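> Task: produce atomic coordinates for the following.
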Amino acid sequence: MISEEIDKLLAHGKFPEATRQRKLVETHISWVVLCDEFVYKIKKQIRYSFLDFSTIELRKHFCERELELNQRFSKNICLEVLPIYETQDNFIIGGKDGTLVDYALKMRKLDPEKQMDVLVAEGKVNEKDIKDLAKRIVDFHKSARIIDKKNVLDVREKFNDLGLEREFLSKQLGSEYGKYIDRAIKISDAFLKENKLLLLDRLHSGFFRDCHGDLHTRNIFLLPEPQPFDCIEFNDDYREIDVLNEVAFLGMDLDALGRSDLSDLFIDSYNLLFPAMRIEAERKLFVYYKSYRANVRAKVNSLRAKSAMDDSDRKEAFSEVKKYLDLMQIYLQTLDIG
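Reported below is the predicted structural model:
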């Protein structure tokens, strides 16, 4: 579906249940329609270097894949994949009449006030919440499929992908941000070259697993029991990662929210239950992974700025880019790479 069709669906489309609320939340890869009791997630018809939703067949496949993968830790949230039909004057989610135009993932709607980023901003996340979350993630990681074959240096290509945004961000934010990116890529290349044997050891020791892949505060609810959801489905490679890479995302996110104390408590609690940082070199690797996660958020917000429909959204996206590039630099400066 395209933007105009989404607008039509919101205005007078038919949903499986009667609903008074129809609120649209747009991400760089999806449209999410919030109704009274349920949420409908529709993938955009797009293709990037890291995902391909360009055909209806691919969008159906990845809706089904998202449902399957999220059953690992959120069985009561992701419910089913439904077809979307177009009639002469309307769009219908579910049903059988009309022309098939797309698919939607139906999810149970959770209380937005219980989303972890909201609770962190309100100062309502306590030590018990963090320790409970650490245990939940440890339990998931321990049961997750072990990855025994992988190019452990593939994070290099993903990190360096930020270079594709260099020209755009230099023009929009100033040349110093282009230099930030060049310097970051140089440090990342050197760090990974120095630590290839460490990464291979972690692969052979079973620390690479089929993880969540997108573990940050917006993808966790505290109900009060911790409930992760919305894992990566569009690229297995982004999900089959070092567990330290996984938890580094949440650590970086909490740092970015100004709660490094919660970040430190989370990783300490996690490591106590599942010792994934055994030596000082692995502590530096954790910091590197945090820089990588800040890098990814900068790239995502750069893509968001490019597709922004209004100036306020574009301005907010650029502000986020700056924040994450600055955070990436702080992490990299602690690695003592020339």
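> What residues sit buried inside stretch 234-246?
Across stretch 234-246, burial judged by 16 or more other C-beta atoms under 10 Å covers 234-235, 238-246. Placement of C-beta: from N, CA and C, glycine included.
> want to throw the residues you listed into CSV with distance to Gly213?
Formatted as CSV, the buried residues of stretch 234-246 follow (distance: C-beta to C-beta, whole Å):
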residue, distance to Gly213
Phe234, 10
Asn235, 8
Tyr238, 5
Arg239, 4
Glu240, 8
Ile241, 7
Asp242, 11
Val243, 11
Leu244, 13
Asn245, 9
Glu246, 7
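> mind listing the strands for the protein?
23-26, 30-34, 38-43, 47-48, 51-52, 78-86, 91-93, 99-108, 208-210, 220-222, 226-228, 240-242 (DSSP state E).
> State the distance from the closest residue to Pro224 other than its chain neighbours to Cys63.
Leaving aside its chain neighbours, Pro224 sits nearest to Asp129 (6.9 Å; criterion: C-beta to C-beta, 6 or more residues apart in numbering). Distance, Asp129 to Cys63, by C-beta to C-beta, to the nearest Å: 31 Å.
> Compare these two (neighbour count), which wins?
Cys63 (25 against 21; other C-beta atoms under 10 Å).
> Could you state which residue of this protein sits nearest its centroid?
With distances taken as C-alpha atoms, centre = their mean, the residue of the chain nearest its centroid is Asp214 (3.3 Å).
> Report pLDDT for it.
For Asp214, the model assigns a pLDDT of 95.
> for Gln88, same thing?
Reported pLDDT for Gln88: 86.
> what's the burial count for it?
6.
> Can you show me the helices along the stretch 101-250 of the chain?
116-121, 127-143, 154-160, 166-173, 175-194, 196-204, 236-239, 243-256 (DSSP state H, counting those that start in this stretch).
> of the ones you listed, which approaches Leu272 most closely?
Nearest of these to Leu272, taken as C-beta to C-beta: helix 127-143 at 8.1 Å.
> isn't Tyr177 right up against Leu169?
Yes - counting by C-beta atoms under 8 Å, Tyr177 does reach Leu169; the two are 5.0 Å apart.
> shared neighbours, the two?
Here Tyr177 and Leu169 share the contacting residues 321, 325, scored by C-beta atoms under 8 Å, 6 or more residues apart in numbering.
> What are the structural domain limits within this structure?
Split into domains by automatic domain parsing, the chain comes to 3-109, 116-333.
> winner for burial among the ones you listed?
Comparing these by mean neighbour count (mean count of other C-beta atoms under 10 Å), domain 116-333 comes out on top with a mean of 18.
> End to end on it, go ahead and measure it.
29 Å (C-alpha to C-alpha, to the nearest Å).
> what's the offset of that domain from the middle of its chain?
9 Å (C-alpha atoms, centre = their mean, to the nearest Å).
> Begin at 802, not 1, for the rest of this chat.
Yep, numbering from 802; the last one is domain 917-1134 now.
> If we ignore the residues flanking it in sequence, what's nearest Val882?
Cys864 (4.5 Å).
> Isn't the one you found up against Met908?
No - taking C-beta under 8 Å as the definition, Cys864 is not a contact partner of Met908, at 11.0 Å.
> which one of the strands of the chain lies closest to Glu923?
Glu923 sits nearest to strand 1021-1023 of all the strands of the chain, at 11.5 Å, using C-beta to C-beta.
> so for that closest one, what's the average pLDDT?
96.
> Can you name every helix or strand that that strand contacts?
helix 917-922, helix 928-944, strand 1027-1029 (3 or more C-beta pairs under 8 Å, 6 or more residues apart in numbering; DSSP states H and E).
> can we see that at 7 Å?
Counting contacts by 3 or more C-beta pairs under 7 Å, 6 or more residues apart in numbering; DSSP states H and E, strand 1021-1023 packs against helix 917-922, strand 1027-1029.
> Would you mind checking which of the strands of the chain scores lowest on average pLDDT?
Minimum mean pLDDT among the strands of the chain: strand 848-849, a mean of 89.
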